[in-house]
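**Q** Structure here, sequence nowhere to be found:
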DNA sequence: ACGGGACCAGACAGAGTTGTCTTGATTTTT
DNA sequence: AAAAATCAAGACAACTCTGTCTGGTCCCGT
């Protein structure tokens, strides 16, 4: 329950990286505090009072920028998703080599993510787990996020002329989700490599051995 | 948000199956109602008033059986885990053949689970996602549950003389978690078979081809 | 210098939260 | 049949929650 700040992420920007240095304007401070608290303590469990205390601002300011807590949640999820994807796909864009190499590098990047001391799992997986039935906005946000990922996976599959594009994307999606959850629960980043070995085996099995 | 009762599960007992027929004693009614509400609407989002309304009992009765909401959550998770494992391992025990066949049958059983209209994901994954930091009791319950699963996986790996027992168990754990999350998010049970194909590929790759 | 926007501090209302307690009714056990 | 456990209904206290509102401060562009 320690509220020690590890708002700095050496590996890449996801969530708490908002506040590598405390942002000056109130809106960003609120976003940063809300991201941290929502992701670490849950959405329902985090009250606006806690958020404004951490953001060192006033309640009026929060409701000046966001019409409701629900809207703040939506904004946080959106920002979190954008930041994460920019970091994730940015890392992958640096990878030299064919699509196959890039697909396997996914799990190196995941390992980097899992190794961050502030790693709390995927915000979208956690949000859907918390709201599930009901809150459609959250579910749609999660779907949109996953859609980005699947699109990228399909593009790689197409580039490497995989025999079944959709099956390849779905298989990788399962491996990625599984690695995230396993790493979150056990706090053991090496599940990224467990998934990577299976991904390698899958790619070999579809006849694209390196 | 429909509170229509599908408290009956044709496939197997997990969670709401508590109340295939409304239990007579109040304690079981409370457990059944709490299981359903916690799993479908979240733990924090479900108040005790909602629980007693669904259980058709009184608040005093709830607090007579459980000293606090937290204790009720723990009891629900424990019962949910026991019921699910009894069903899951029971199904697997029916499978004829060697360990390899049983390991692959895992995903047939998962598919059965995912196909239930009331499927809401794994209660432990959802609970850890909601509480994460903080609540150690929940985290320990999830660890214990996963430990049961891993133990079973290791036993199969040993029986089939897999070269690396731990890697086999970890790989299957990733596939199972990934399939659960993917199926929960997309409401598409067939992710069980996506995972199954990867499991089959993994088993082939370690030289235990059928 | 002055007007306006962004901001802080905190009181406040109304609803909802957990948990206690009282008062009986019903069922089970002895 | 008597005693004991279980249960229902609901009032109640103490607290927290979201969201509104007032009052005042700072800063920035013109």
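**A** Arrived safely, thanks for sending. As the structure is a prediction and not an experimental result, all values here were calculated from the model.

**Q** Quick check: mean pLDDT of stretch A:107-124?
**A** Stretch A:107-124 shows a mean pLDDT of 97.

**Q** what about it and chain B, touching?
**A** Yes - Stretch A:107-124 is in contact with chain B by Cβ under 8 Å from any Cβ of the partner chain, via A:120-121. (Each C-beta comes from the backbone N, C-alpha and C, glycine too.)

**Q** Identify each buried residue in that stretch, please.
**A** A:107, A:109-114, A:116, A:118-124 (16 or more other Cβ atoms under 10 Å in any protein chain shown).

**Q** what's the closest of these to residue B:159?
**A** Distances from residue B:159 to these, taken as Cβ to Cβ, are shortest for residue A:107 (29.0 Å).

**Q** what helix or strand is that closest one on?
**A** helix A:99-115 (DSSP states H and E).

**Q** now that helix, how far from the chain's geometric center?
**A** Its chain's C-alpha centre and that of helix A:99-115 lie 14 Å apart, by Cα atoms, centre = their mean, to the nearest Å.

**Q** what helices or strands is that helix leaning on?
**A** When contacts are defined as 3 or more Cβ pairs under 8 Å, 6 or more residues apart in numbering or on different chains; DSSP states H and E, helix A:99-115 sits against helix A:69-93, helix A:136-159, helix A:165-186, helix A:191-205.

**Q** now that helix and helix A:165-186, what's the angle there?
**A** With axes from the mean of the first three to the mean of the last three Cα atoms, to 10 degrees applied, the angle from helix A:99-115 to helix A:165-186 works out at 20 degrees.

**Q** which residues are in contact with helix A:99-115?
**A** The contact list for helix A:99-115 (Cβ atoms under 8 Å, 6 or more residues apart in numbering or on different chains) reads A:11-12, A:14, A:88, A:91-92, A:95, A:119, A:153, A:156-157, A:159-160, A:172, A:175-176, A:179-180, A:183, A:189-193, A:195-196, A:199-200, A:203, A:208, A:210.

**Q** Of those, just the buried ones, PyMOL syntax please.
**A** PyMOL command restricting the contacts of helix A:99-115 to the buried ones, with burial defined by 16+ other Cβ under 10 Å:
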select buried, chain A and resi 11+12+14+88+91+92+95+119+153+156+157+160+172+175+176+179+180+183+189+190+191+192+193+195+196+199+200+203+208
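
**Q** Nearest the geometric middle of chain A, what residue?
**A** The centroid of chain A falls nearest to residue A:122 when counting by Cα atoms, centre = their mean (4.4 Å).

**Q** gap between the nearest residue to that one once chain neighbours are set aside and residue A:135?
**A** Residue nearest to residue A:122 in three dimensions, not counting chain neighbours: residue A:180, with 5.1 Å by Cβ to Cβ, 6 or more residues apart in numbering or on different chains. Distance of residue A:180 to residue A:135, computed by Cβ to Cβ, to the nearest Å: 21 Å.

**Q** Could you do residue A:82 as well?
**A** Taking Cβ to Cβ as the measure, residue A:82 falls 20 Å from residue A:135.

**Q** neighbour-wise, which of those two wins?
**A** residue A:135 (21 against 13; other Cβ atoms under 10 Å in any protein chain shown).

**Q** what does chain A have sitting close to DNA strand C?
**A** Within chain A, the residues that sit near DNA strand C (Cβ under 7 Å from any atom of the strand) are A:25-27, A:29, A:56-61, A:64-65.

**Q** Quick check: the gap between residue A:91 and DNA strand D.
**A** From residue A:91 across to DNA strand D, the span is 34 Å (Cβ to the nearest atom of the strand, to the nearest Å).

**Q** one step back: my guess is the residue nearest to the centre of chain A meets residue A:178, correct?
**A** No - using Cβ atoms under 8 Å, residue A:122 makes no contact with residue A:178, being 11.6 Å away.

**Q** With adjacent residues omitted, what lies nearest to residue A:144?
**A** residue A:81 (7.6 Å).

**Q** correction: residue A:56
**A** What sits nearest to residue A:56 in space, not counting adjacent residues and going by Cβ to Cβ, 6+ apart, is residue A:29, at 6.6 Å.

**Q** Now for that neighbour, how many residues are close by?
**A** Using other Cβ under 10 Å, residue A:29 has 22 other residues around it.

**Q** ok, now residue A:48?
**A** With other Cβ under 10 Å as criterion, residue A:48 counts 16.

**Q** State the phi and psi torsions of it.
**A** Here is the backbone geometry of residue A:48 (degrees, to the nearest 10): phi -70, psi -30.

**Q** Does it touch residue A:59 like I think?
**A** Yes - here residue A:48 reaches residue A:59: they are 6.5 Å apart, a contact under Cβ under 8 Å.

**Q** circling back: out of the residues of chain A next to DNA strand C, grab the one that's most surrounded.
**A** Most surrounded of these: other Cβ under 10 Å gives residue A:29, at 22 neighbours.

**Q** Show me which residues of the helix or strand containing it are buried.
**A** Here residue A:29, judged by DSSP H and E, is contained in helix A:26-41. Buried residues in helix A:26-41, counted by 16+ other Cβ under 10 Å: A:26-41.

**Q** Repeat that for stretch A:93-100.
**A** Buried residues in stretch A:93-100, defined by neighbour count with 16+ other Cβ under 10 Å: A:95, A:99-100.

**Q** any chance of these in JSON lines, plus distance to residue A:165?
**A** Output for the buried residues of stretch A:93-100, formatted as JSON lines (distance: Cβ to Cβ, whole Å):
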{"residue": "A:95", "distance to residue A:165": "20"}
{"residue": "A:99", "distance to residue A:165": "12"}
{"residue": "A:100", "distance to residue A:165": "14"}
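
**Q** Show me which of those residues is closest to DNA strand C.
**A** Among the buried residues of stretch A:93-100, residue A:95 lies closest to DNA strand C (Cβ to the nearest atom of the strand), at 38.8 Å.

**Q** Please give me every residue in contact with the closest one.
**A** By Cβ under 8 Å, 6+ apart, residue A:95 lies in contact with A:101-102, A:105.

**Q** quick one: which of these is most hemmed in?
**A** For the contacts of residue A:95, the largest number of neighbours (other Cβ under 10 Å) sits with residue A:102, at 19 neighbours.
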